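# Requesting a structural model of the entry that follows:
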Amino acid sequence: MPQNLEEGVERPNPSRRFMTAPAICEQCGAKCAADAEFCPSCLLSLGISAKAASAPSSDSDAPSSEEIAEHFPQLEILGVLGEGGMGVVYKARQTKLDRFVALKILSPRIAEQFEFKDRFLREARALARLTHPNIVAVFDFGETDGLCWLLMEYVDGIDLRGLLKSGKLTPDVGLQLVPEMCAGLQYAHDHGVVHRDIKPENVLLDEEGHVKIADFGLAKLVSLGADELSLTRAEQVMGTPQYMAPEQMRSTKEVDHRADIYSLGVVFYEILTGDLPMGRFEAPSQRVAVDVKVDEIVLRTLERSPELRYQHVRDVKTDVDIVNVGRAAGLGSEISTPADDDGQEAATYQAHTMVLGLCGSIVLWLFLKWMFVAGIGGLNFNSWWGVGTSIVLLGALAMWILRRRSSPELREEPASSGPLRKWVRLSLSAMLFGMALLMLFGGMVESWDRSSSTYHSSRPHHRYITL
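Numbering: from 1, shown residues only. Down below sits the predicted model:
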């Protein structure tokens, strides 16, 4: 089987795992995802073209390949792959192993700061321990002639930003990328590393369409080992503002792995809609045709309070996988578009109103019946079976309310549910409370005598109440 997607041969990849029905690539004629216009090969080509159009100009102040080659005789420096605030990444070839690698050189301006250099070397040691198919591997690291460097796995593909700029990344394909992002992040979190700078530029796609998370250079170590404690200063705020969690903007002291979950949510929203979730933003299903279940996933990752978000990335992956399986099987998939959102809400409201109206009518009929019986005869408080039962029911209801108020998982409401779900929950609670009061009232009625409106029971196990 060919090893390169550029040969146009169909192969398993993330965009084809949960297809409902194959489509045909408009450019090469190969099969692709149901709502995709292009196959992964052509999609990557278009993205690479878009990235090349916005590549840095040749007047960059990054060291030239010749200058870098003088410090790394064991490498053949082939060119610059990218440049950012942290430094420059070069494409190189290890001559002994005959393989392509990526050489990241820390900016000399930053390397002059001893504290930052020390953090770079310590975090590089932690990154070298991360071995996962969805994380860019670190082969080696060190300091040479004053240059701090990382020798990393070379990913022959494109980053997610380039794919977004191509305008050809569909929600269906995007939904296949998120679980792989989650898998890589969860592995890093399990090993005490928080990325802290999740953004499309740091999400790479290889030639088979698989995700590789790159640039853990801003990662914060949260391992409990004495020599693995984070060296990030408390007053420093590091990351990309548009993708940073609110607590990360305030102070690094509050940052843990849940900050990555928020950043993942921002990227997830951007993958689906093409925009950032800034200010008052719409749920994804109001922008594009996706399962409304996706709204709850995305909006939960974007909760401002870390306690209300997913607590682990693995939980995000599980929920997205369920949506993908549902799309593949065509089961339980509720596709929402902006045109039919109002109709769905109205239909749901009508259904809940009918159910609550029926239950309320039954409760009201029973209550009036008891009131009528009580009006005919007199009350006797000698029996407490109903009182005890009602107290148990009221106590259970009170405990449920208190537990819901004290538990973030039970207290939170998905933002996409609106006021309808809260109204239904309150109505059901009120109905249960009314039934408990009804039982309390009924338990007070002990006996009635037929001749004088009160009946005295001579059989302890039978009661007769007639209207």
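
# Every contact and neighbour count from this point should use C-alpha atoms.
Noted.

# Okay, now the unreliable bits of the stretch 351-467 of the chain?
For the stretch 351-467 of the chain, the stretches flagged by pLDDT under 70 are 351-429, 431-467.

# Actually, the chain.
For the chain (pLDDT under 70), the answer is 1-62, 85, 110-111, 113-116, 217-239, 252, 330-429, 431-467.

# distance of residue 71 from residue 77?
Computed as C-alpha to C-alpha, to the nearest Å, the residue 71 to residue 77 distance reads 11 Å.

# So for the two, which sits in the more crowded spot?
residue 77 (24 against 13; other C-alpha atoms under 10 Å).

# what's the next secondary structure element after the helix or strand hosting the more buried one?
Assigned by DSSP states H and E, residue 77 falls within strand 75-83. Sequence-wise, the next helix or strand downstream of strand 75-83 (DSSP H and E) is strand 87-94.

# ok, and what's touching that next one?
If you take C-alpha atoms under 8 Å, 6 or more residues apart in numbering as the criterion, strand 87-94 is touched by 62, 65, 74-83, 99-108, 154.

# Restricted to buried residues, select the residues you listed in ChimeraX.
Burial among the contacts of strand 87-94 is assessed by 16 or more other C-alpha atoms under 10 Å; the matching ChimeraX selection reads:
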select :62,65,75,76,77,80,81,83,100,101,102,103,104,105,106,107,108,154
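
# Domain ranges for the protein, per the record?
5-153, 169-336, 348-443 (automatic domain parsing).

# At which residues are the strands of the stretch 101-250 of the chain located?
Here the stretch 101-250 of the chain has its strands, by DSSP state E, counting those that start in this stretch, at 138-144, 147-153, 158-159, 193-194, 203-205, 211-213, 220-221.

# Looking at those, which is nearest to residue 279?
strand 203-205 (24.6 Å; C-alpha to C-alpha).

# Can you give me the buried ones in that closest one?
Going by neighbour count (16+ other C-alpha under 10 Å), the buried part of strand 203-205 is 203-205.

# Also stretch 118-125?
Buried residues in stretch 118-125, counted by 16+ other C-alpha under 10 Å: 119-125.

# and if you look at stretch 163-172?
When burial is assessed from 16+ other C-alpha under 10 Å, stretch 163-172 yields the following buried residues: 163-166, 168-172.

# Pick out the most distant pair among those residues.
Within the buried residues of stretch 163-172, 165 and 172 form the most distant pair, 16.9 Å apart (C-alpha to C-alpha).

# what are the ranges of the helices in the protein?
Taking DSSP state H as the criterion, the chain contains helices spanning 40-53, 65-71, 108-111, 114-127, 160-166, 171-190, 246-250, 258-273, 292-301, 313-329, 341-376, 385-406, 408-411, 418-443.

# CA atoms of the second one as CSV?
Output of helix 65-71 as CSV, limited to C-alpha atoms (Å, rounded to 0.1, in the frame of the first residue of the first chain):
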residue,chain,number,x,y,z
SER,A,65,20.5,27.5,7.6
GLU,A,66,24.2,28.0,7.0
GLU,A,67,24.7,29.7,10.4
ILE,A,68,22.8,26.9,12.2
ALA,A,69,24.7,24.2,10.3
GLU,A,70,27.9,25.4,11.8
HIS,A,71,26.7,24.5,15.3
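
# got the contact list for it?
75-80, 90, 144-145.

# how many other residues sit next to residue 265?
Residues near residue 265, counting by other C-alpha under 10 Å, number 27.

# begin at 580 from here
Sure thing, new numbering starts at 580, so read that last one as residue 844.

# what about it, distance to residue 769?
19 Å.

# ok, now residue 747?
34 Å.

# can you check residue 672 too?
According to C-alpha to C-alpha, residue 672 stands 32 Å off from residue 769.

# More neighbours: which of those two?
Higher neighbour count among residue 672 and residue 769: residue 672, with 19 against 12, using other C-alpha under 10 Å.

# Just give the closest residue to the more buried one, not the sequence neighbours.
Ranked by C-alpha to C-alpha, 6 or more residues apart in numbering and with sequence neighbours excluded, the top spatial neighbour of residue 672 is residue 679, at 4.4 Å.

# doesn't residue 731 make contact with the one you found?
No - between residue 679 and residue 731 there is no contact, the gap being 9.4 Å when judged by C-alpha atoms under 8 Å.

# What count of nearby residues applies to the closest residue to residue 759 other than its chain neighbours?
With C-alpha to C-alpha, 6+ apart as the measure, residue 790 is the residue that lies nearest to residue 759, at 6.0 Å, once sequence neighbours are left out. By the criterion of other C-alpha under 10 Å, residue 790 has 28 neighbours.

# thinking residue 790 is in contact with residue 762, fair?
No - if you go by C-alpha under 8 Å, residue 790 and residue 762 don't touch, sitting 9.7 Å apart.

# can you list residues touching both of those two?
Shared contacts of residue 790 and residue 762 (C-alpha under 8 Å, 6+ apart): residue 713.

# In the sheet, which residues pair with residue 672? Tell me.
Judged by DSSP bridges, the bridge partners of residue 672 are residue 655, residue 679.

# State the distance from it to residue 657.
With C-alpha to C-alpha as the criterion, residue 672 and residue 657 are 7 Å apart.

# Same check on residue 842?
Separation of residue 842 from residue 657 (C-alpha to C-alpha): 33 Å.

# hey, what's residue 685 bridged with?
Note on residue 685: beta-bridge partners residue 666, judged by DSSP bridges.

# Could you check stretch 871-891 and say which residues are buried?
Residues 871-882, 885, 887-889, 891 are the ones in stretch 871-891 that count as buried (16+ other C-alpha under 10 Å).

# whoops, I mixed them up, stretch 706-722
706-707, 709, 713-717, 720.

# Report the contact partners of residue 824.
With contacts defined as C-alpha under 8 Å, 6+ apart, residue 824 is in contact with 838-839, 841-842, 883.

# my bad, residue 740
Residue 740 neighbours (C-alpha under 8 Å, 6+ apart): 779-780.

# Report how many residues lie close to residue 646.
Using other C-alpha under 10 Å: residue 646 sits among 11 other residues.

# With the one 3 residues further on instead?
The local packing count at residue 649 equals 11, with neighbours defined by other C-alpha under 10 Å.

# Could you measure from it over to residue 843?
Residue 649 sits 39 Å away from residue 843, going by C-alpha to C-alpha.

# How about residue 728?
Where residue 843 is concerned, residue 728 sits at a distance of 27 Å (C-alpha to C-alpha).

# These two: which is more packed in?
Remark: of residue 728 and residue 843, residue 843 carries more neighbours, 28 against 22, as counted by other C-alpha under 10 Å.

# what's the spacing between that one and residue 777?
From residue 843 to residue 777 the distance is 6 Å (C-alpha to C-alpha).

# can you check residue 906 too?
Counting by C-alpha to C-alpha, the gap from residue 906 to residue 777 is 27 Å.
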